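Asks: output the structure for:
(4 chains)
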Protein chains: 4
Amino acid sequence: MIAKTVGIIGSSDEDPELNDIAEEMGRLIALAGYSVVNGGREGVMEAASRGAAGVNPRPESSRIIGILPGLKKSEGNQYLDYAISTGIGWARNQCVILSSDIVVAVGGGAGTLSEIAYAWAYNKPVLAFEGVQGWSAELAGKKIDTKRTDKIISVSTPKEAIEIINEIFENM
Amino acid sequence: MIAKTVGIIGSSDEDPELNDIAEEMGRLIALAGYSVVNGGREGVMEAASRGAAGVNPRPESSRIIGILPGLKKSEGNQYLDYAISTGIGWARNQCVILSSDIVVAVGGGAGTLSEIAYAWAYNKPVLAFEGVQGWSAELAGKKIDTKRTDKIISVSTPKEAIEIINEIFENM
Amino acid sequence: MIAKTVGIIGSSDEDPELNDIAEEMGRLIALAGYSVVNGGREGVMEAASRGAAGVNPRPESSRIIGILPGLKKSEGNQYLDYAISTGIGWARNQCVILSSDIVVAVGGGAGTLSEIAYAWAYNKPVLAFEGVQGWSAELAGKKIDTKRTDKIISVSTPKEAIEIINEIFENM
Amino acid sequence: MIAKTVGIIGSSDEDPELNDIAEEMGRLIALAGYSVVNGGREGVMEAASRGAAGVNPRPESSRIIGILPGLKKSEGNQYLDYAISTGIGWARNQCVILSSDIVVAVGGGAGTLSEIAYAWAYNKPVLAFEGVQGWSAELAGKKIDTKRTDKIISVSTPKEAIEIINEIFENM
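Replies: Modelled structure (predicted):
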């Protein structure tokens, strides 16, 4: 059966507060038995990967998949189970979103903003952390455009986020 | 010599106010001898194309290039001189931005937001119309993240925009 | 640790002879503990997936990853563990190749030919089945161009192929 | 009206014989009023561009469009009128093919082979030069797979090729 996936998106910069959230988010996603999809690099992506990788024993259905911009699998962070090398640069942001059933944004700059925009355009449920630096907080609770009737779901803790994620999967 | 290009980005929806701005913007860009790059479809993209196409005589250096998401050149609007069919869906937004020397946003929803994000990430000068519906007004005069020292340049008329565009090209 | 991957490429058409080879190839790759990467669709892709999925117990390091052309994970065949939806059409053939450490071609038409070409261009070791219909047999034992000093490795059985694959991984 | 386009594909290596063919091919395409699409780089791509650029006066409908793999328009050869920067690496080969109404192959290595494969898969008429080094001669007069009823059209001179191209456009 094709694994259920949660995309965790955010900056490749190292921000301790955002990394802590991402790591705990990754841990809870793995505990719940979902796989983590991300861009495979540093910062929030690596922290989310580390959180999921640290769950022991990890449910067999929970793996960590990094979808990389470049040509080399070795570009991926050390916590990935699978590295998808796309070779299409930041256009890979489209692939990260399309490969995620649900998307969670943790902070983020321009790259993350493009991913939130893709997630909205491709009709993915989007959760966004409020009360932090970056685009997730700017857009939490808002609509990107009028094409959808729902909003970006504002969350303030990983625990709150995983409960919403569980609920969305139950209703899928 | 490779043509100087201005990307005009905005929604495929038909909004008379935004279309008027885009059409006049296209006209001024063509008069100035630059080529127009856009996503090749309807709404702001078509209006900008129409504006440029209506300049008569058009400078030889000014053509209209639509970079399309799908497989068929016939997907392009009727004012295009050249249709680039990418077959990569909305990942083509990256190609629109990379093929533009300068980017002008007119309103816009999720797709335009992803393009503004790419433009910022790829270090393109970005002009955005204020005082209208959509993402251009939301982001006019702001920064997307802290990676750049400049801001998205807020403009309120096509005339103001073309003067800034001329100045940027002169200093390139 | 990022999983070792073998890409199995071939047609989406259903050819019993090619499917048998692909299924056995998938089985041997899974038994050896490598993960299978493919285009996620029918024919050789599905047969290879089925072969790997049938190994019981499967080594934890061996999963089946389909890299899909379209927008939906549900486009993938039923044996995939992970579905990567790229949304970039057959340009995803580049991603299949870049995400594979070693590539094995089983028959194949135009799509497979593009993948063999990418595999050669991106310096991936390529094994190709001889004595079958399609491009793998045409190119087995040959060079695609003079940029590489090696050749496409001709194989006639999955058992022969897996021994070569093991050897290549040992020397990586 | 969207310009009629002929894609000229071949290696970025400098081979005098192939470059001569490509240059003459580019010249005849420009004289006939079609636009040239290519990968925008060196070798056959540059020679075809040079041939078209040298036509004086050039029909207004004939321009030279390079579809580049990287991030920078400046990556294009000096004869391009328009540079499309895709940022998707050799996956741009799909875009070159989809943006061409008819494809002409002149020699070629692995990259060209992937383009011929895409051209076949996407149902584009393909002409290929026989009697030269590289993939165009290997495939001239052959079928890539059984999905199409026609063959790759073997040509031996640019003059022969342009007559066939004219005929194909007349019947489109």
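
Asks: what comes up buried for the lengthiest helix in chain A?
Replies: Secondary structure of chain A per DSSP state H: the longest helix is helix A:16-31. By neighbour count on 16 or more other C-beta atoms under 10 Å in any protein chain shown, the buried set for helix A:16-31 is A:18, A:19, A:21, A:22, A:23, A:24, A:25, A:26, A:27, A:28, A:29, A:30. All C-beta spots, glycine's among them, are computed from the backbone N, C-alpha and C.

Asks: for the fifth one, what are its contacts?
Replies: Looking back up the chat, that one is residue A:23. Residue A:23 is in contact with A:47, A:48, A:50, A:51, counting by C-beta atoms under 8 Å, 6 or more residues apart in numbering or on different chains.

Asks: return the residues of chain A in contact with chain C.
Replies: A:1-3, A:5, A:35, A:60, A:63, A:65, A:67, A:71, A:73-74, A:76, A:78, A:80-88, A:91, A:94-95, A:98-99, A:101, A:122 (C-beta under 8 Å from any C-beta of the partner chain).

Asks: got the residues of chain A near chain B?
Replies: Residues of chain A lying near chain B (C-beta under 8 Å from any C-beta): A:11, A:88-91, A:93-95, A:109-111, A:113-114, A:116-118, A:120-122, A:134, A:144-147.

Asks: ok, 6 Å please
Replies: Counting by C-beta under 6 Å from any C-beta of the partner chain, the residues of chain A close to chain B are A:91, A:94, A:109-111, A:113-114, A:117-118, A:120-121, A:144-145.

Asks: between these, which is nearest residue D:172?
Replies: residue A:91 (30.9 Å; C-beta to C-beta).

Asks: helix, strand or coil for that closest one?
Replies: helix (DSSP: H, G, I helix; E, B strand; the rest coil).

Asks: possible to save the residues of chain A next to chain B as JSON lines with neighbour count?
Replies: Putting these into JSON lines (neighbours: other C-beta atoms under 10 Å in any protein chain shown) gives the following:
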{"residue": "A:91", "neighbour count": "31"}
{"residue": "A:94", "neighbour count": "31"}
{"residue": "A:109", "neighbour count": "24"}
{"residue": "A:110", "neighbour count": "22"}
{"residue": "A:111", "neighbour count": "25"}
{"residue": "A:113", "neighbour count": "28"}
{"residue": "A:114", "neighbour count": "32"}
{"residue": "A:117", "neighbour count": "30"}
{"residue": "A:118", "neighbour count": "29"}
{"residue": "A:120", "neighbour count": "26"}
{"residue": "A:121", "neighbour count": "22"}
{"residue": "A:144", "neighbour count": "22"}
{"residue": "A:145", "neighbour count": "20"}
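
Asks: spit out the contact partners of the residue in chain A sticking out farthest from the centre.
Replies: Here the centre of chain A is the reference, and by C-alpha atoms, centre = their mean the most remote residue is residue A:146, at 23.6 Å. Counting by C-beta atoms under 6 Å, 6 or more residues apart in numbering or on different chains, residue A:146 makes contact with nothing.

Asks: check which helix or strand covers it.
Replies: Following DSSP states H and E, there is no helix or strand that holds residue A:146.

Asks: pLDDT of stretch A:51-63, averaged?
Replies: The predicted model assigns stretch A:51-63 a mean pLDDT of 96.

Asks: can you give me the strands in chain A?
Replies: A:5-10, A:35-38, A:64-68, A:82-85, A:102-106, A:126-129, A:153-155 (DSSP state E).

Asks: returning to what we had before: of the residues of chain A next to chain C, list those near chain D.
Replies: Checking those against chain D by C-beta under 6 Å from any C-beta, the ones in range are A:87, A:88, A:91.

Asks: count the neighbours of the spatially closest residue to the first one that is not a sequence neighbour for me.
Replies: Distances taken as C-beta to C-beta, 6 or more residues apart in numbering or on different chains put residue D:89 closest to residue A:87, at 4.3 Å, once the chain neighbours are dropped. Using other C-beta atoms under 10 Å in any protein chain shown, residue D:89 is surrounded by 23 other residues.

Asks: so how far is residue C:122 from residue D:89?
Replies: The gap separating residue D:89 from residue C:122 is 9 Å, by C-beta to C-beta, to the nearest Å.

Asks: and the residue lying closest to residue A:92 once chain neighbours are set aside, how many neighbours?
Replies: Closest residue to residue A:92 apart from its sequence neighbours, by C-beta to C-beta, 6+ apart: residue A:86 at 4.3 Å. For residue A:86, the neighbour count with other C-beta under 10 Å is 32.
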